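> Quick one: sequence plus predicted model below, questions after.
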Amino acid sequence: MNELHTFTFNLFSEQTYLLDHGDGTATVFDPGMSNNDERNHFEAFCTDLGVTIVNCLLTHAHLDHVMGVTWIAEKYGVNPRLYPEDEITWTQAPISAKLYGADMDELPARGKDLGAQGSLLQCGPYELELRFTPGHSAGHVVFVCHKSEFVIGGDVLFSRSIGRTDLPGGDADTLCKSIEEQIYTLPDSFTVHPGHGPSTTVGEEKTSNPYVNSAGTGMIQR
């Protein structure tokens, strides 16, 4: 879809998404810009597109997905919104930055919590359903746009892969359940835009994902 734009940022090759509302405003998902070049690139893109950021939504708060939240807050006056169960991941992000030797600004104040499972978020003309998908982190969520058939998926499901489960708050059985119940219940035609790597579709992963598939033969399925 032409309204959704993808950026690859920081040393983790994290993917940040920009949803153009079509009215001069936009939503940013998981801002990972980590240096001046990346911030300038994003700002110039928004200027050329003619949009101002009015929402900052997070699938989860791992370091690579929040490296740009402070800059977004300072530049556009928009604080990041997070699912409350991911509070521990949020507080661990600066600690992780030190462990990786990565520069990271002090985290800003957060905006209003995203809400509960099934909540609907309005981003201009786009209505996004919030789905709780723990397993990669304790409070991971995905954003589903039923009308335009896309998912902002964070680090739950990748093209022929899944999010890692060996970090604090991760659990393979929980991630498997999240994928089966919250993503594979969507129509096959829905596009999943992940936090790393190429986009895929629900149908492709149900058929071919080696870790979690609709046949129940995936490597983490029991």
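Great, that's in hand.

> Low-confidence regions, the protein specifically.
1 (pLDDT under 70).

> what residues does the helix or strand hosting residue 173 touch?
Counting by DSSP states H and E, the element that carries residue 173 is helix 172-178. Outside helix 172-178, the residues within contact range by Cβ atoms under 8 Å, 6 or more residues apart in numbering are 132-136, 140, 156, 162-163, 165, 211-212, 218, 220-222. Where C-beta positions appear, they are placed from N, C-alpha and C, glycine not excepted.

> ok, how many other residues are close to residue 217?
Residues near residue 217, counting by other Cβ atoms under 10 Å, number 9.

> phi, psi of it?
According to degrees, to the nearest 10, the main-chain angles of residue 217 amount to phi -100, psi 10.

> And the helices in this structure, which stretches?
36-49, 63-66, 69-76, 87-100, 172-178, 202-208 (DSSP state H).

> For residue 150, find the nearest of those.
helix 202-208 (10.3 Å; Cβ to Cβ).

> what comes up buried for the closest one?
202, 205, 206 (16 or more other Cβ atoms under 10 Å).

> wait, isn't residue 39 in contact with residue 32?
No. Taking contacts as Cβ atoms under 8 Å, residue 39 lies outside contact range of residue 32: 10.7 Å.

> any shared contact partners between the two?
By Cβ under 8 Å, 6+ apart, the residues touching both residue 39 and residue 32 are residue 68.

> In contact with residue 202, which residues?
With Cβ under 8 Å, 6+ apart, residue 202 has these contacts: 151, 183, 184, 186, 187, 188, 189, 190, 192.

> how near is the residue nearest to residue 169 when sequence neighbours are not counted to residue 174?
Leaving aside its sequence neighbours, residue 169 sits nearest to residue 138 (Cβ to Cβ, 6 or more residues apart in numbering; 3.7 Å). Plainly put, residue 138 is 9 Å away from residue 174 if you go by Cβ to Cβ, to the nearest Å.
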